[in-house]
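Participant: one predicted model, sequence on top.
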Amino acid sequence: MKKRFSWRRVLAVCLTCVFAVLAGEGRAVAQEGQGVYITQASARLTKLVDAGNKKGYQLHNNSFSVGGGWLKQSAEKWVVLYSIQLTAGKEYVFLAAGDDDAKDVDLRIQDSNNEEVAKDDKIYPEAVVVFRPKTSGLYTISARLFDSRENYDCVVLSVMMVKK
């Protein structure tokens with residue numbers, strides 16, 4: 001038995017797809033993929049790195065430099081991005097940037113005793129922390145997506161640079 005072509009069936013499928021997209025989280029993750037948000041956060045972070053270069057900072061040779069994650073908006077939740085060995089007396093800058101939906105990205109540094117030693121909690125989609133440790137040791141870098149457009153999850157990337 002041959003099936004008849006039905007415009008009603010095509011219309012029903014199309015409307016179902018539209019409603020599925022509209023009922024989703026509002027972001028086009030399914031169509032575009034999350035790479036677009038990495039690109040957006042990278043573009044913001046690139047500007048911060050270029051500004052850091054002009055101030056005499058550079059990426060640390062033969063060491064970890066870049067981290068990040070897909071963060072949910074939260075006023076309380078800090079997400080550990082990385083831990084890194086820092087040298088007393090050296091000047092470091094820690095940079096973080098969110099994608100285009102990020103409204104407020106915060107960055108903090110904790111020492112080996114989990115004590116907060118530096119933080120940027122200003123209301124910007126980027127965060128910058130200049131830090132000169134008094135003691136050498138392992139420090140933990142955490143980020144928080146304090147606010148985002150329509151409570152969207154966002155890509156947040158971070159870079160650590162050292163003064164030349």
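Facilitator: Done, it's in.
Participant: so V155, which of the three states?
Facilitator: Here V155 is recorded as strand under DSSP: H, G, I helix; E, B strand; the rest coil.
Participant: same deal with N53?
Facilitator: helix.
Participant: how about I38?
Facilitator: helix.
Participant: how about E150?
Facilitator: At E150, secondary structure determined by three-state DSSP is helix.
Participant: let me see the confidence value for it.
Facilitator: In the prediction, the pLDDT value recorded for E150 is 96.
Participant: quick one: it and D101 touch, right?
Facilitator: Yes - assessed by C-beta atoms under 8 Å, E150 is found in contact with D101 at 7.5 Å. All C-beta atoms are positioned from the backbone trio N, CA, C, and that covers glycine.
Participant: comparing these two, which residue is more hemmed in?
Facilitator: D101 (22 against 9; other C-beta atoms under 10 Å).
Participant: what about the helices in the protein?
Facilitator: 7-23, 29-32, 35-54 (DSSP state H).
Participant: what average pLDDT does stretch 154-164 get?
Facilitator: 97.
Participant: distance from the chain centre to that stretch, please.
Facilitator: 10 Å (C-alpha atoms, centre = their mean, to the nearest Å).
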